[in-house]
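K.L.:
Turn this into a structure:
(4 chains)
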Amino acid sequence: MSDVREFDTRPAGHPSAESPLAWSFHRQAPPREAGAGVTLREHAFLGHLVLRGGAIVLDEAVREVLGIALPARPNTLALDDGGERSVQWLAPDEWLVIVPAGEEFTLESRLRQALGQAHFSIVNVSGGQTLIELSGPQAREVLMKSTTYDVHPQAFPVGKGVTVVFAKASVVLRRPREDAWELVVRRSFADYCYRWLLDAAGEYGVSVAR
Amino acid sequence: MSQSPSQPNRLAQGGQVDRSRTLNFTFNGKRYSGHAGDTLASALLANGVDIVNRSFKYSRPRGIVAAGAEEPNAVVQLGASEAAQVPNVRATQQALYDGLTARSTNGWPNVQRDLMGMVGKVSGAFMPPGFYYKTFMAPASLWMTYEKYIRKGAGLGNSPTEADPDHYDHMNRHCDVLVVGAGPAGLAAALTAARSGSRVILCDEQEAMGGSLLDSREPIDGAPAVQWVERTLEALGAMDNVTLLPRTTANGYHDHNFVTLHERRTEHLGDTAPTRDGRRQVRSRLHRVRARQVVLATGTHERPLVYANNDVPGNLVAGAVSTYIRRYGVVPGNRLVLSTSNDHAYRAALDWHEAGREVVAIVDARANPDGELVERARALGIRVITDSAVIEAKGANRVSAARVAKIDAQLFTLAGRVEELACDTIASSGGYSPVIHLSSHTGTRPLWRDDILGFVPGTLKGMTSAGGAQGIYALPAVIADGIDAGSQAVQANGQSAEPFEAPLVAPIREGESVALYQIPHEKPTLRAPKQFVDLQNDVSAAGIEVATREGFESIEHVKRYTVMGFGTDQGKLGNINGMAIVARCLRRTIPEVGTTVFRPNYTPVTFGAIVGRHCRELFDPERYTALHQWHVEQGAEFEDVGQWKRPWYFPRTVNGKKESMHEAVARECLAVRERVGILDASTLGKIDIQGPDAREFLGRVYTNKWAKLAPGRVRYGLMCKDDGMLMDDGTTSCLGENHFLMTTTTGGAAGVLEWLELWHQTEWPELDVYFNSVTDHWATMTVTGPDARKLLAEITDIDLDREAFKFMDWREGTVAGVPARVFRISFTGELSFEINVQANYAMHVWKTLFEHGEKYQLTPYGTETMHVLRAEKGLIIVGQDTDGSVTPEDLGMQWAIGYDKPFAWIGKRALSRSDTRRTDRKQFVGLKPKDPKVVLEEGAQIVFDPKQAIPMVMSGHVTSSYYSPSLGQGFALAVVKGGHERMGDTVYLPMVDGTVHEAEIVSPVFIDPKGERQNV
Amino acid sequence: MQRYSGFGLVKHALSHHENWQRQWRNPTPRKEYDVIIIGGGGHGLATAYYLAKEHGITNVAVIEKGWLGGGNTARNTTIVRSNYLWDESAALYEHSMKLWEGLSQDLNYNVMFSQRGVLNLGHTLQDMRDIQRRVNANRLNGIDSEALDAQQVQEIVPILDCSKRARYPVMGASWQPRAGVARHDAVAWGFARGADARGVDILQQTEVTGFKILDGRVVGVHTNRGDIGAKTVGCVAAGNSGVLARMAGFRLPLESHPLQALVSEPLKPVLDTVVMSNHVHGYISQSDKGDLVIGAGIDGYLGYGQRGSYSTVEHTLQAIVEMFPIFSRVRMNRQWGGIVDTCPDACPILSATPVKGLFFNCGWGTGGFKATPGSGHVFAATLAKGQAHPLAAPFSIDRFHTGALVDEHGAAGVAH
Amino acid sequence: MFHIYCPYCEEHREEEEFHPKGQAHIARPAEPEACSDEEWGDYLFFRDNPRGIHHELWVHAIGCRKFFNITRHTASYEILETYKMGEQPTITAESLAREEKAGHVQVAEGGQQTVGASDAALASVKGAQG
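P.N.:
The predicted structure is shown next:
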């Protein structure tokens, strides 16, 4: 869409940045238990873009710019070969794109160029959410305690991503590979989700990898 | 068989308890021992404890009557420490653990010698059903005193007085087939479904799975039934598509096959959850299950017979006797009389006899009982008295004899003389009631079946019931039915079933049962000794009869009038008997009397388990801004705004003394008015709007005009509902011709976004526009005050010149090296810049501002100061100055209403309704107290005439009121009827303490009415 | 009517309770009545009682399709209070409160009205502003009402967590000492007995299947037991009002929602007053039987099923345990649902309708029980005179067209 | 606890993810200014409120954020279909009545219809008392 103000919100220099979990880690030293059943890891400062528009129009542009086919089926997730870049279906006209830190503005510009005069929107939400990876033998149990969505491998195979109720918040839950889950969490709810995860995983032992 | 010396009723062998593990426990202060595998009830019976409680209304001694969830009497208070108290635990469902401490819930000074019992004996006669309603009315003034004593006498256990040390949680589960009950039918159903590849959950409320097979006399495949149970459980446990949940009760069956299962994970280990590997365990867990198919294999509850004094300790249901003997190796007495209407109950007598104790007689209501079990009893030389029933138990604290007579159940009379049989135990059985509780939770009406004399579940999509729950009692048929139910469930899911071959069980020939509920007595029901129907609530047959005489004819009326079925057992033993008595009194049939409706829970569940982790620190999310840590470290006090924690004010410590809120706010206010202050405004809702029709859309949802707002400009807007009432406000900036950034109130953010989507998706899908929340992406810092420009200029590349960057403009550039959008809008009336940066860099920018701000005495302020400053400018807060009944016109904001916009924007039509056109509507004004020292109370009511009598005519109220450090006096905002035409009038505010404040109606703008300060 | 008293009880005990009379008859419907009341719940029976007692109109039928008092009267959490915000509703509920205060004696039926006080907690600054506003309005309306701070609240309810630990700490409360709870079933039975004794026919198991309307005027009703005539018909059918209005050919601004409640197992006395919280969202009292009686929120969808969503119960218990951490180990015994007719402004409708002679009393939402005697009293006057009683006038259906709503969402915010 | 098929996500999801938003197919008058006070009041406040088949608007709030319609029985709580915005229901009280005439579904007393409904549905349609 032309007549939209593009704005790179990432500074050129290197001022100190704080991830949404900075306060949580500061307030209480993150647990590191031997033999933990569950491990958490924050992947902070990634580029997050929300794409809105028609699937056909967006698909062409996303393929061209990102080399990933837009996942057209509801609640699916597509990753590039390295697993660093992903596009996830959020709604029939909405996708979440996550790319390595710093790529998001160029990506947005290139998409805008590719999309030209079509009706669409691209919104940079990189500061507003973070990604928490959950792994370990009891990761699925912890998710069962937290979300009403069925996380059984039959119902939630690798390559799925769903916006779900998570305790009293909502998160985007994804399964990029066999041994890990990802939670895309809103910044202001990040501490709550983090404390919930520690509490729910308490009986299995929990470690926070940094 | 011999008996263990310390546990007089414990058999030397038999049952499934581990005699090598002795567990000590305390009941009513006395120490006892039992074995691993015992319940508290079986251990008490093993120790010969007869009286476990006193009844609630008549204070009669009560003993254990049943062995499971249906037990009405043995309700105890558990817990060794105060915080670990658990009220109202059913001893029959509490596994024994070492150190268990329990006591009776009623009885004073104790259950053995209860003084209240004396009162009960005397006053019982004066307590017919509904007696509360018929007395304690005079004098009216004494009712509250009467009530205090009534309350003292009621209730069972005590609530703990300390917070719970334990933790609980939830697990959400999904499955193809949920099987409730792991008896023969449930095991068969689960195995069938599991072999077919379905995701199966099998739960059972007992300590061990197996249900009736745990005390069955019938061999399966030629071996004891428990072996088949073990094999089947092993097979199920080996399949990864099966989840086995022992000690787990299905408590509630909700719509669309949602079932709650309560798993008691540690209650069998202690009164507080132990740790494992140093990690705290969950005391109990609630599984929230969404099942595609539900198989109810919940079995039956045996119905006791209703005869006189059937509540004296030593009266048990027949099946419980078998359970205690066969499963726990406990014989609950020495001399048994069994009163029965059916063959199945003969097991109790056979088990008793085999345990080496005396069966005095079997009293059978039938004329010619001739089933296999009957023959076996006769062959053992047990006396069988036919056509008869126990009509009365004798004994005070323990049964001493049974009075037996021939009866005519049809005519409800005795048909022969009464014989008294000395005994200490009476077991009775009036047949079996399928456990239909769960199916009726869903609103499914149960169906009465004459052939089984009981209700069975009605039909419901996605539900099958099997075995005893379906009125099928013979073991081979039960297993076959379970296999069938499992297959049906699998097929209903569109898969093919793989039933397994049923094990070999020799069928037992049973004779026909007869219908038998209340037993006639020599005296009419109202004069006979009490014949109890609901033991927990002391409801007797006589009580039910009185109720029907008084016109309480519907079963619901009878239940409510007598409180039958309202106990913690929900009438599992008594309800059908009660209905039969109502039917007898009204000369109707049981199905004519009605069905009983059961509600969740099947058995009570601790609040803690239902709450799960949603308590303490996790009760509700606390939302933080990116600057939260800084606020905490500065010692801010916080205000809850929605789920956000916002700094309320920043008290400083001056000379070792912490400022009060008043002092801190005064200082913060002056800092803004005189130098420069800073507010974390990140919580404001922010919505990114893109699309060629964005502008048109804004024009429809805001009351004012948006057609001409140019890129680089900002405008304030009001949002109404279609009833014309204000719902939110905020500024919206034009970022590009087709690109806007809307702000909302903190509390309104989610609602406004949904509101926009609602209108877009349902009414105006043709408009090309997208909305996305960017609330969390941007951190917002408001730098405001006369020095704001100087401060900001030090760290930005944006031209802050008054002309280059006008009031209500926004600009883009860097602040402290971070890309920022800066908005020149003001909620304080001062020169203000709202800096928006990506939230990850907010702390850097904030701290840089403070590094440079030191020389300007940059002062952080919180929401309280923000409120004062905006109020001095007459700026509203939606939700404080408005309450859902205020229009923009009421606020005097006609300047923000586009009356001539081409589209009839939301809320416009409502402004011309007769009520919204009234001139005496409450209108938004300022109030200036006559006494400058007075700060009016927010919420104070306004009257025009202070001398009128109560009830007074009220003409408005104070919405906001503060002390203004700038004005040096109190001031307020208010809504007053016709206020806009009453400028200068005096109004009165009568206060609770009798003082009446006077105030003048003035413009709501108290400072800088021309707006010069924000425009510099 | 057999008079009840302590002395009578002794007399009956001596005769083995064989001589208790029926509390109401089971009459055969007559062909014609002066007034028909549709709905034998508390409000309908109270209307009949006051028609007979205050207006001498005794040729009255109460038509009930199930059993009397079996609807919301049997399913509510029994809270009685009158501290409403707006003048119109405060006047109506206070009128009711005054009737409650002598009701047991008036009916000779102990409705166990226990004036143990009701606290409405405040947890935010805006809560406290709203409390001050309501308390001030109540006092100027002559209703007992006080604003308390957290410490005063703590003194009244020592087991309430008033600490700063709470997620939303208690900041204060409004307190109405005259408010309390009553025994819900007894209210219906007491009014039924009183009405019956004055000649009113209570027709249970009688279902209205349609209205007889001639020239825009009601002349009777069709029922499953035949047609019954009357020139004045009052509908007091709570959760079925919408269905009845449809039969009469018009719509009402009502939506019928499930409202859930639950009780714990009976406990020894532990809570001596009623505690309500809009913000944390739950309310609780302890019945004379010892159960903690707890209210859950309203479910947002239409529902006539007398059950709602489990998540509502979960949220309510979270609120209760947040306020009373000591109840974590107390157990929930039963839960159930009623059907509440809610109006857009959370106030009732006491009104004439497009059909002459047909009046509706409905839309009490979550607040109906406390209004029972007042509603019946005012509606009886309305039916007797054929025009709205002054206290009923603000609650006409017209207000949804003029816009003169009486928005009580603040005071009625937590379903009770 | 409803299990709701979201027509956009194309799967059943738990009730916690959804919010009910009242009666479906309430169109805002095209020319509000031309409405009488009565017509405007009807649009704002008056709803069908049937005991039986009801078409309602819901939003998949925690999910795709799309509004859609549900046809549901308000006594049995059975969901008969869900459909996207802009679409019309294929099952209505009237269509069920027609089918009933043809002998396909049961009709409860009082003119309310229910298809494939449980005893519960029929019981509560017939007998439940508010």
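K.L.:
What is the neighbour count of residue B:995?
P.N.:
Residues near residue B:995, counting by other Cβ atoms under 10 Å in any protein chain shown, number 9. (Glycine included, C-beta is placed from N, CA and C.)
K.L.:
got the residue ranges for the strands in chain D?
P.N.:
Ranges of strands within chain D are D:3-6, D:11-14, D:19-23, D:53-59, D:67-73, D:79-84, based on DSSP state E.
K.L.:
Correction: the previous question concerned chain A.
P.N.:
Going by DSSP E, chain A shows strands at A:38-43, A:47-53, A:77-79, A:86-91, A:94-99, A:120-124, A:129-135, A:160-166, A:169-177, A:180-186, A:206-209.
K.L.:
Domains in chain B, by residue range?
P.N.:
Each domain of chain B is listed here as a residue range: B:18-154, B:167-300+B:434-492, B:304-430, B:521-605, B:626-681+B:776-872, B:684-774, B:917-1016, per automatic domain parsing.
K.L.:
in chain B, what residue sits furthest out from the centroid?
P.N.:
Within chain B, residue B:803 marks the point farthest from the mean C-alpha position, 60.6 Å out by Cα atoms, centre = their mean.
K.L.:
Doesn't it lie inside a strand?
P.N.:
No. Residue B:803 is assigned coil when assessed by DSSP: H, G, I helix; E, B strand; the rest coil, not a strand.
K.L.:
ok so, going back, can the strands of chain A go into TSV with extra columns for distance to chain B, mean pLDDT and mean neighbour count?
P.N.:
Below are the strands of chain A laid out as TSV (distance: least, Cβ to the nearest Cβ, whole Å; pLDDT from 0 to 100; neighbours: other Cβ atoms under 10 Å in any protein chain shown):
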stretch	distance to chain B	mean pLDDT	mean neighbour count
strand A:38-43	12	98	21
strand A:47-53	4	98	23
strand A:77-79	20	97	20
strand A:86-91	10	98	23
strand A:94-99	8	98	23
strand A:120-124	4	97	24
strand A:129-135	7	98	22
strand A:160-166	9	98	25
strand A:169-177	6	98	21
strand A:180-186	5	98	23
strand A:206-209	9	96	20
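K.L.:
residue closest to the middle of the chain?
P.N.:
Using chain A here. Geometric centre of chain A, nearest residue: residue A:184, 3.7 Å, by Cα atoms, centre = their mean.
K.L.:
think we crossed wires, I meant chain D
P.N.:
The centroid of chain D falls nearest to residue D:55 when counting by Cα atoms, centre = their mean (2.3 Å).
K.L.:
Pull the contacting residues for it.
P.N.:
D:23-25, D:69-71, D:89, D:92 (Cβ atoms under 8 Å, 6 or more residues apart in numbering or on different chains).
K.L.:
how much space between the residue nearest to the centre of chain A and residue D:66?
P.N.:
Distance of residue A:184 to residue D:66, given as Cβ to Cβ, to the nearest Å: 19 Å.
K.L.:
Okay, and residue B:19 sits in which element?
P.N.:
Per DSSP states H and E: residue B:19 is located in strand B:18-27.
K.L.:
mind listing what's buried in that strand?
P.N.:
Using 16 or more other Cβ atoms under 10 Å in any protein chain shown as the test for burial, strand B:18-27 gives B:19, B:23, B:25, B:27.
K.L.:
Which residues of chain A lie near chain D?
P.N.:
By Cβ under 8 Å from any Cβ of the partner chain, the residues of chain A that approach chain D are A:74-75, A:90-92, A:94, A:148-149, A:162-165, A:170.
K.L.:
Going by neighbour count, which residues of stretch C:132-143 are buried?
P.N.:
By 16+ other Cβ under 10 Å, the buried positions in stretch C:132-143 come out as C:132-141, C:143.
K.L.:
Please flag which of these sit within helices.
P.N.:
If you go by DSSP state H, the buried residues of stretch C:132-143 have C:132-140 in helices.
K.L.:
Could you tell me which residues make contact with residue B:591?
P.N.:
Residue B:591 is in contact with residue B:448, counting by Cβ under 8 Å, 6+ apart.
K.L.:
now residue B:85
P.N.:
Contacts here follow Cβ under 8 Å, 6+ apart; on that basis residue B:85 touches B:77-79, B:157-161, B:271, C:329.
K.L.:
Then residue C:113?
P.N.:
By Cβ under 8 Å, 6+ apart, the contact list for residue C:113 reads B:143, C:80, C:100-101, C:103-104, C:180-182.
K.L.:
and stretch C:174-187, does that touch chain B?
P.N.:
Yes. Judged by Cβ under 8 Å from any Cβ, stretch C:174-187 comes into contact with chain B at C:183, C:185-186.
K.L.:
Mind checking which of the residues you listed land in helices?
P.N.:
Residues of those located in helices (DSSP H): C:185-186.
K.L.:
how about stretch C:304-311, does it get close to chain A?
P.N.:
No. Stretch C:304-311 stays clear of chain A (Cβ under 8 Å from any Cβ), getting no nearer than 9.2 Å.
K.L.:
Let me see the contact set for the closest residue to residue C:24 other than its chain neighbours.
P.N.:
Distances taken as Cβ to Cβ, 6 or more residues apart in numbering or on different chains place residue C:196 nearest to residue C:24, at 3.8 Å, with adjacent residues excluded. By Cβ under 8 Å, 6+ apart, the contact list for residue C:196 reads C:23-25, C:202.
K.L.:
quick one on the thing from earlier: of all the strands of chain A, which lies closest to residue C:323?
P.N.:
Of all the strands of chain A, strand A:169-177 sits nearest to residue C:323, with 22.3 Å by Cβ to Cβ.
K.L.:
least trustworthy helix or strand in chain B by mean pLDDT?
P.N.:
helix B:115-123 (a mean of 62; mean pLDDT, DSSP states H and E).
K.L.:
next helix or strand past that helix?
P.N.:
Note on helix B:115-123: by DSSP H and E, the next helix or strand toward the C-terminus is helix B:131-134.
K.L.:
in chain C, which helix has the most residues?
P.N.:
Counting residues, the longest helix in chain C under DSSP H turns out to be helix C:368-385.
K.L.:
Could you confirm whether any residue of the helix or strand that comes right after it contacts chain B?
P.N.:
Note on helix C:368-385: by DSSP H and E, the next helix or strand toward the C-terminus is helix C:399-402. Yes. On the criterion Cβ under 8 Å from any Cβ, helix C:399-402 is in touch with chain B at C:399, C:401-402.
K.L.:
Can I get the strands of chain A in CSV including distance to residue C:370?
P.N.:
What follows is the strands of chain A, written out as CSV (distance: least, Cβ to Cβ, whole Å):
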stretch, distance to residue C:370
strand A:38-43, 50
strand A:47-53, 49
strand A:77-79, 53
strand A:86-91, 45
strand A:94-99, 47
strand A:120-124, 49
strand A:129-135, 47
strand A:160-166, 35
strand A:169-177, 37
strand A:180-186, 41
strand A:206-209, 49
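K.L.:
so which of these gets nearest residue B:467?
P.N.:
Of all the strands of chain A, strand A:160-166 sits nearest to residue B:467, with 36.4 Å by Cβ to Cβ.
K.L.:
tell me how far the strand holding residue B:19 is from the chain's mean position?
P.N.:
35 Å (Cα atoms, centre = their mean, to the nearest Å).
K.L.:
go on, stretch B:252-263?
P.N.:
13 Å.
K.L.:
what's downstream of the one helix or strand residue C:246 maps to, the next helix or strand?
P.N.:
Counting by DSSP H and E, the element that carries residue C:246 is helix C:241-248. Downstream of helix C:241-248, the next assigned helix or strand under DSSP H and E is strand C:255-264.
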